[in-house]
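**Q** Fold the following and give me the result.
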Amino acid sequence: MGNLPVRIPVLALWSAPRSRSTAFARMMTERGDHTVVHEPFSQVVDFGTAQVGDRVAHSERDVLTALPAVAAQRPVFFKDTTDFHYPELLADREFLASATHTFIIRDPAAAIASHHALKPGLGRDEIGIARLYEIFAATQAATGVTPVVIESDDLLDRPADTVRAYCSAVGIPFLPRALSWEPGMRPEWRATSRWHTSTSRTAGFRRGTGSGVATVAADPVLRAYRDYHQPYYEKLRAVALRP
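**A** Numbers count the residues shown, from 1 in each chain. Take a look at the predicted model:
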């Protein structure tokens, strides 16, 4: 496979929207041992700029440059969502190989129901599970190693075991104190605050009420979306950690 780039202290969590990645990032903030960057790739696509540590990125390429630069001073954790497509990321084999890319998944019907409730005009590709698998596959091809995947239901049902397994897999210490936090809207969430309202009300990993799965099954458009993304979810689920 040739020589891989030197590993950089960048830890990524990729997620389709509404898959509880914000709660995971909130836990990483509570740890206090990483600079936590909120959705830099999606923010440059959506808003034209993104804050990456003490830097401002204006493009996908800027983000790819800024993350390792910030990590040279302190380990970086970023989470991002795949409602957008990131061609420069997919083409950057060095970044795919040198950062640690991990993935969180959620049952497609539940994720679609939650997404559709916030965005009724939701399109098929915005659901993001196929794009999530695309990044997973690109990372696997660049490293020759199967990336870490966690199931968000495990995170809610067995938070300590799931986070412990994740930490062990990526080589960071497990810090039980980070499993709880003070509720509130984080400053970095404000540009997209309506997407993070439920997480802002939590003090730890917890399950909400109702999944909306029946709504998706009853709607032919949403059901077709689910059927499109289900195989990609199943591929990721097959390699997920089993805490």
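
**Q** Break down this protein into its strands, ranges please.
**A** Using DSSP state E, the strands of the chain run over 10-15, 35-38, 50-52, 55-57, 76-81, 100-105, 148-151.

**Q** and the first one, what does it pack onto?
**A** In this structure, strand 10-15 packs against helix 21-31, helix 60-71, strand 76-81, strand 100-105, helix 129-143, with contacts taken as 3 or more CB pairs under 8 Å, 6 or more residues apart in numbering; DSSP states H and E. Where C-beta positions appear, they are placed from N, C-alpha and C, glycine not excepted.

**Q** and the first one, what other elements does it pack with?
**A** Using 3+ CB pairs under 8 Å, 6+ apart as the contact test, the elements touching helix 21-31 are strand 10-15, strand 35-38, strand 76-81, helix 197-200.

**Q** Averaged pLDDT, it. What do you get?
**A** The pLDDT scores in helix 21-31 average 94.

**Q** Distance from the worst-scoring helix or strand of the chain on mean pLDDT to the middle of the chain?
**A** Least confident helix or strand of the chain, by mean pLDDT, DSSP states H and E, is helix 197-200 with a mean of 76. From the chain centre to the centre of helix 197-200 is a distance of 16 Å (CA atoms, centre = their mean, to the nearest Å).

**Q** For that helix, give me every contacting residue.
**A** 22-23, 26, 183-186, 189, 193, 208 (CB atoms under 8 Å, 6 or more residues apart in numbering).

**Q** would TSV of the residues you listed with distance to residue 40 be doable?
**A** TSV is the format used below for the contacts of helix 197-200 (distance: CB to CB, whole Å):
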residue	distance to residue 40
22	14
23	19
26	17
183	25
184	22
185	19
186	15
189	14
193	17
208	27
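
**Q** Just the buried residues out of those, in PyMOL syntax.
**A** In PyMOL, a selection of the buried entries from those looks like this (16 or more other CB atoms under 10 Å):
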select buried, resi 22+23+26+186+189
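
**Q** Packing partners of the longest helix along the chain?
**A** The longest helix of the chain (DSSP state H) is helix 220-237. Under the contact definition 3+ CB pairs under 8 Å, 6+ apart, helix 220-237 sits against strand 100-105, helix 108-118, helix 129-143, strand 148-151, helix 213-218.

**Q** ok so, going back, let's have the helices and strands packed on strand 10-15 in TSV, adding distance to residue 7.
**A** TSV is the format used below for the helices and strands packed on strand 10-15 (distance: least, CB to CB, whole Å):
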stretch	distance to residue 7
helix 21-31	18
helix 60-71	10
strand 76-81	13
strand 100-105	7
helix 129-143	10
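
**Q** Can you say which of those is nearest to residue 240?
**A** strand 100-105 (6.7 Å; CB to CB).

**Q** how about residue 236, what does it touch?
**A** By CB under 8 Å, 6+ apart, the neighbours of residue 236 are 103, 105, 129, 132-133, 136, 149.

**Q** Pull the most distant pair out of those residues.
**A** Between any two of these (CB to CB), the greatest distance is 12.1 Å, for 129 and 149.

**Q** what touches both of the two?
**A** Residues touching both residue 129 and residue 149 by CB under 8 Å, 6+ apart: 105, 236.

**Q** if we can go back for a sec, show me which residues of the least confident helix or strand of the chain are buried.
**A** By neighbour count on 16+ other CB under 10 Å, the buried set for helix 197-200 is residue 199.

**Q** Kindly report the same for stretch 204-216.
**A** 205, 211-212, 215-216.

**Q** Nearest spatial neighbour of residue 59, chain-adjacent residues omitted?
**A** Nearest residue to residue 59 in three dimensions, chain neighbours excluded: residue 44, at 5.9 Å (CB to CB, 6 or more residues apart in numbering).
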